[in-house]
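Chemist: let me see the structure of the following:
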Amino acid sequence: MSTGVTGEKIWLDGEMVAWDEAQVHVLTHTLHYGLGVFEGIRCYRTDDGRSAVFRLTEHVKRLYESAHINLMEIPFSQEVVTDAILDCLRANHLDEGYIRPLAFIGSGAMGLHPGANPVRVAVAAWPWGAYLGEEGLEQGIRAKISTFSRHHVNAKMTKGKTCGDYVNSILAKREALLDGYDEAIMLDTEGLVSEATGENVFVVRGDVIKTPPLPTVLDGITRASLIQMARDKGMTVVESGITRDELYVADEVFLTGTAAEVTPIREIDHRKIGSGRRGPVAQELQEGFFDVVAGRNATYESWLTFV
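Modeler: So this is what the prediction gives:
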């Protein structure tokens, strides 16, 4: 996993500026109070040499839905931000990489109410490999059940990708790393499996794939894609509550997300999961996912926006 990112240009409030000149005031409201929204998007180099952004339309739509949930009005249309994402990839000469659109509240009034502070928008893009490591994609990672719970649906709305919400994930992630694990799995306030720090969770037992239902988890775009791909393959996918001990006795557990892509888990809380390595379902769906983003599966070509 990369420890730092850099590039040539960042799109900021309608202008492409030099990477090091994309700066904000220290009294930027979002910096102090965390009310901002963002997306994580990936661009892949396809087998024919072109570059394609995975599910760009859905990501931009969710960015605006997140803003709406948080009473933020983004001062650019979805079409402008979509074009900015593609322009940012070109400006940074990226065949593939990670893209981060961010809408945040600028400086002006301080205090919890942002008043008339402007909503500002930035788009950055940079090279980024496997979030949880290439070895993790093939061999699986080690995870622990976090001592931190996922937000209750009425304590902080869970359908938006809100900047401040991820303090919860940061605490869980740091705890896991300090304890020698690669990732944390968070339970909801009822004690059922919710999601990892930035990924959705899938569990395989027998012929059934289970994933937690939407009320307490982010409606992940990769999650939705994998559910559709699995069902198209004739697999049974059920969205239902999952207990902690169901993870321990599962045949397979794997994570999905823009950054993590499709990452299997080989161990949870010192308990080997299944064979202790990537299982056949995770491998089939992982290979299918990479076929899609590489442009090798025409069935899902509509999910790709070519740069």
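Chemist: let me see the contact set for the residue lying farthest from the centre of the chain.
Modeler: Note on the chain: the largest separation between a C-alpha and the mean C-alpha position, by C-alpha atoms, centre = their mean, falls on residue 109 (31.2 Å). Contact analysis of residue 109 by C-beta atoms under 8 Å, 6 or more residues apart in numbering lists 29, 115, 116, 117. C-betas here are computed from N, CA, C, even on glycine.
Chemist: that one should be in a strand, yeah?
Modeler: No - if the criterion is DSSP: H, G, I helix; E, B strand; the rest coil, then residue 109 is coil and not within a strand.
Chemist: where along the stretch 51-200 of the chain do the helices fall?
Modeler: With DSSP state H, counting those that start in this stretch applied, the stretch 51-200 of the chain shows helices at 56-69, 78-91, 134-139, 166-178, listed in chain order.
Chemist: where among those is the average confidence lowest?
Modeler: Ranked on mean pLDDT, the bottom entry among those is helix 134-139, at a mean of 86.
Chemist: and it, how far out from the chain middle?
Modeler: Going by C-alpha atoms, centre = their mean, to the nearest Å, the spacing between the C-alpha centre of helix 134-139 and its chain's C-alpha centre is 18 Å.
Chemist: pLDDT score assigned to the residue farthest from the centre of the chain?
Modeler: 93.
Chemist: contact partners for residue 43?
Modeler: Residue 43 is in contact with 51-54, 89, 94-99, 125, 307, counting by C-beta under 8 Å, 6+ apart.
Chemist: sorry, back to before: out of the helices of the stretch 51-200 of the chain, which gets nearest to residue 228?
Modeler: Go through the helices of the stretch 51-200 of the chain one by one with C-beta to C-beta and the one that ends up closest to residue 228 is helix 56-69, at 12.0 Å.
Chemist: elements contacting the closest one?
Modeler: Applying 3 or more C-beta pairs under 8 Å, 6 or more residues apart in numbering; DSSP states H and E, one finds that helix 56-69 makes contact with strand 36-38, helix 78-91, strand 97-105, helix 221-232.
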